[in-house]
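> sequence below, structure please.
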Amino acid sequence: MRSRIVTIIIGVIVIIGFAIYLIFGRSGGTAGSGTGAGVGSSGTVDGTPVTVSQAYPDAPTTDRISIGTAAGIVQVANFYEASGTTVGDDGVLVISRGAGYWITYDPSDSSFWVAVSGTPFESVRQAAEADFLAALGVSRGDACKLAVSVGAPYAAGSALNGQSFPLSFCPH
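Numbering: from 1, shown residues only. Below you'll find the predicted structure:
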């Protein structure tokens with residue numbers, strides 16, 4: 001009888017220890033930290049940049065991919081496979097960079113962000129929006145169906161600090 005109780009206690013301790021390892025041991029943080037395949041907040045694992053295929057091993061490999069929107073499905077160029085795409089903060093995909101802007105895609109909610117950090121804002125915005133259309137291989141009409149925000153990232157002294165706008169060519 002005593003050996004059975006000892007076996008049960010050891011079993012419970014092993015289960016609790018395994019649960020603690022799963023929650024805290026593998027990521028060095030709390031459960032659910034990071035995104036993608038263990039991608040940290042800076043798109044790196046132990047300081048090494050993570051490739052798109054490492055972060056998203058099940059990403060589509062076709063030339064075009066479908067993105068569901070409230071206005072229907074939009075077919076876009078497969079930016080997961082594009083040579084310039086990188087994994088950025090919190091697992092977002094940085095699909096393009098230009099002089100004074102960058103374009104990201106967040107797979108968690110199928111949204112795009114066109115971040116304009118250069119000046120003058122409107123000139124850089126126009127270049128960024130043209131790059132967005134080219135990178136996705138879509139018309140203006142299809143781009144307007146996508147969840148896209150154009151904005152200025154937070155920066156000290158910026159009059160547009162943190163503001164967000166729709167694509168300039170979309171009806172408001």
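
> and the residue nearest to the spatial centre of the chain, what does it touch?
Nearest to the mean C-alpha position of the chain, counting by C-alpha atoms, centre = their mean, stands V92 at 1.5 Å. V92 makes contact with 104-107, 113, according to C-beta atoms under 8 Å, 6 or more residues apart in numbering. Yep, even glycine has a C-beta here, placed from its N, CA and C like the rest.

> for A128, what are its contacts?
Here A128 is in contact with 98, 100-101, 103, 114, 116, 150 (criterion: C-beta under 8 Å, 6+ apart).

> helix or strand for it, which one?
Using DSSP states H and E, A128 maps to helix 121-136.

> which stretches in the chain count as helices?
2-20, 52-55, 121-136, 140-145 (DSSP state H).

> and those, which one averages the lowest pLDDT?
Least confidently modelled of those is helix 2-20, at a mean of 46 by mean pLDDT.

> check contacts around S110.
The contact partners of S110, taken as C-beta under 8 Å, 6+ apart, are 67-69, 146-147.

> go again using 7 Å as the cut-off
For S110, the contact set (C-beta atoms under 7 Å, 6 or more residues apart in numbering) comprises 67-68, 147.

> count of neighbours near G151?
19 (other C-beta atoms under 10 Å).

> now S158
Count around S158 with other C-beta under 10 Å applied: 14.

> return the distance of S158 relative to F121.
To F121, S158 is 9 Å away according to C-beta to C-beta, to the nearest Å.

> then D58?
37 Å.

> and these two? Which one has more around it.
F121 (20 against 8).

> now the contacts of A128 as a markdown table including neighbour count and pLDDT?
Converted to a markdown table, these look like this (neighbours: other C-beta atoms under 10 Å; pLDDT from 0 to 100):
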| residue | neighbour count | pLDDT |
| --- | --- | --- |
| G98 | 15 | 96 |
| G100 | 17 | 95 |
| Y101 | 23 | 96 |
| I103 | 24 | 97 |
| V114 | 22 | 97 |
| V116 | 25 | 95 |
| V150 | 23 | 96 |
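
> quick one: the strands in the chain?
44-45, 48-49, 64-69, 72-77, 86-87, 93-98, 101-106, 111-116, 147-151, 164-165 (DSSP state E).

> which helices and strands sit right next to the last one?
What that stands for is strand 164-165. Here strand 164-165 touches strand 147-151, going by 3 or more C-beta pairs under 7 Å, 6 or more residues apart in numbering; DSSP states H and E.

> who's in contact with the strand it packs on?
69, 110-116, 125, 129, 163-167.
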